[in-house]
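Visitor: pasting the sequence and the predicted model now:
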Amino acid sequence: MKTLFTCFVLITSGIAAMSAAQPARPNFLLIIADDLNWRDLGCTGSPDVKSPNIDRLAREGMMLRGMFTPAPTCSPTRHALYTGLYPIRSGAYPNHTMVDRDTRSIFGHLKALGYRVGLQAKSHVSPPSSFPYENISGNADDAAAFRQFVSRDASQPWLAVFASHDPHGPWDRGPKQMYDPAKITVPPYLHDNATTRRNLAAYFAEITQLDTQVGACLKAVDDTGQRDHTLVLFVSEQGSSFPYGGKWSLYDNGMRVTAIARWPGTIKAGASSDALIQYVDVTPTFLAAAGGDPAAIDTGCPDARGYRGFDGRSFLDVLHGKSNRLRDYVFAQHTTVGINGYKEPYPIRAIRDARYKLIRNLAPQNTYSIGGIHQGEIIESWQADAKNDPKLAAKVEWLFHRPAEELYDLQTDEYETNNLAADPKFTAIKARLGRELEAWMAQQNDRGMETEMKALARQPRTANAEKGETAPKKTPGKKKAKK
């Protein structure tokens, strides 16, 4: 009997020690790339890009192949990630934007649950009162600052957002010697010429620079003994800034993203899921994993019906392998007003199910022209080549002028080149998607062109708002060209 009692004491003591060593609530590491097309990693099929650390993360975790951003520009994307709200509802829908003053974010929600919360490198969210994070470092290459933050207090769980500046243009970082412009593979959605190749090689080098940063973050977590109780989520933000690279468009190159989740002991290594998920689902998922109740959260921002909860929902069951379904539809919007170099408003809305996508261009009579894809040496080289290439000329023209409606079958047309909107065989599909898109716009209080024309009032740099509440957070570090 004494022996049995001794065994019991030893076993229960061991369990208690394990519980003390591993907090019941996980840490969260959210890694965000900057203008990275979802296809441009080794683990997503690139034949050229060297991304060993991200590829290893994919082997050790789950590929979320159905993750989508609700906006194809940096600032609306980040606001949606952190708030669990779609951009127009929160007010953060043009680029360089801000949420409504009372809107709350993952930083405040997790702080209320006792978490230490911090962000390293790129912010691009506003006002500061809605995003109460500790500034870990303005420099994405500062591995020491990151390590110090995640290891500061072993008794307190943490959220660390590592928001890299890479591979956002200008592509001037990374091991350029690894990529010979003459030998790389040009994706079929880009025009293959010397200018494209030179820029593509530089972009690939900066992806490898990003991968080095990801490796440093993962090493810090592993070396400090926190691997097994840290949920890591890597996301690629949105598409690249090449013409047809996806940024500033609602094609899959723009709104579909790479997403990889690792959580040892909870997520099966090497797993994948095709469940449709959006960035607005990340905050509710983290809160549920932390022991909170996402359904009880007041986001501080009502929708058109007065509902104050999240637009997003938890995908913990997907991570646990219990379900391969979350949403029937994903949505996205794009606002051109306020983007550097824009000339005419060109609002775009989109809805996608597992197979089909409907895009509505709300001002097809206008010319879509902004400083990104419509200006610069890449598009100018394409325009020069198009003078003797009718097929390329039509491709270039599509960048500037599109019809009111576009419908694509993603199962047979992954690059969205065959518009089925006028095909009577798809009338019912187009109508179904159209009804769902209109219902979403109504719930978001999205009034189309009227909303587009209010975009400048949603930007801290142009809005007349109270000093200190709308100024973007400034972080030192790598300088980048303005978006």
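Guide: Nice, I can see it. Numbering: from 1, shown residues only.
Visitor: where do the strands sit along the stretch 201-350 of the chain?
Guide: Taking DSSP state E, counting those that start in this stretch as the criterion, the stretch 201-350 of the chain carries its strands at 230-235, 259-262, 271-273, 277-278, 330-334, 348-352.
Visitor: quick one: secondary structure of residue 397?
Guide: Secondary structure assignment for residue 397 (DSSP: H, G, I helix; E, B strand; the rest coil): helix.
Visitor: and it, what's its pLDDT?
Guide: The per-residue pLDDT reported for residue 397 equals 98.
Visitor: please report how far residue 303 lies from residue 100.
Guide: In this structure, residue 303 lies at 12 Å from residue 100, with C-beta to C-beta, to the nearest Å as the measure. For the C-beta atoms, the positions are set from N, CA and C on the backbone; glycine is no exception.
Visitor: ok, which of the strands of the stretch 201-350 of the chain comes nearest residue 323?
Guide: With C-beta to C-beta as the criterion, residue 323 lies closest to strand 271-273 of the strands of the stretch 201-350 of the chain, at 8.5 Å.
Visitor: that closest one: how far from the chain's middle?
Guide: Here strand 271-273 is found 18 Å from its chain centre; the criterion is C-alpha atoms, centre = their mean, to the nearest Å.
Visitor: neighbours around residue 24, how many?
Guide: 9 (other C-beta atoms under 10 Å).
Visitor: quick one: which of the strands of the stretch 201-350 of the chain is nearest residue 84?
Guide: Residue 84 lies closest to strand 277-278 among these, at 9.7 Å (C-beta to C-beta).
Visitor: the closest one pairs with which strands, and in what direction?
Guide: strand 67-68 (parallel) (DSSP bridges).
Visitor: next helix or strand past the partner strand?
Guide: Per DSSP states H and E, the first helix or strand lying C-terminal to strand 67-68 is helix 74-83.
Visitor: including distance to residue 132, mean neighbour count and mean pLDDT, could the strands of the stretch 201-350 of the chain go into a markdown table?
Guide: Shown next, in a markdown table, are the strands of the stretch 201-350 of the chain (distance: least, C-beta to C-beta, whole Å; neighbours: other C-beta atoms under 10 Å; pLDDT from 0 to 100):
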| stretch | distance to residue 132 | mean neighbour count | mean pLDDT |
| --- | --- | --- | --- |
| strand 230-235 | 21 | 24 | 98 |
| strand 259-262 | 25 | 25 | 98 |
| strand 271-273 | 32 | 17 | 98 |
| strand 277-278 | 24 | 26 | 98 |
| strand 330-334 | 27 | 27 | 98 |
| strand 348-352 | 32 | 24 | 98 |
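Visitor: may I see those strands arranged in a markdown table, with distance to residue 442 as well?
Guide: Supplementary listing: the strands of the stretch 201-350 of the chain in a markdown table, determined by distance: least, C-beta to C-beta, whole Å:
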| stretch | distance to residue 442 |
| --- | --- |
| strand 230-235 | 28 |
| strand 259-262 | 28 |
| strand 271-273 | 30 |
| strand 277-278 | 18 |
| strand 330-334 | 12 |
| strand 348-352 | 12 |
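Visitor: which among those is found nearest to residue 113?
Guide: The nearest among the strands of the stretch 201-350 of the chain, by C-beta to C-beta, is strand 230-235 at 14.2 Å.
Visitor: other SSEs contacting the closest one?
Guide: Using 3 or more C-beta pairs under 8 Å, 6 or more residues apart in numbering; DSSP states H and E as the contact criterion, the elements in contact with strand 230-235 are strand 27-32, helix 52-60, helix 194-223, strand 259-262, helix 282-289.
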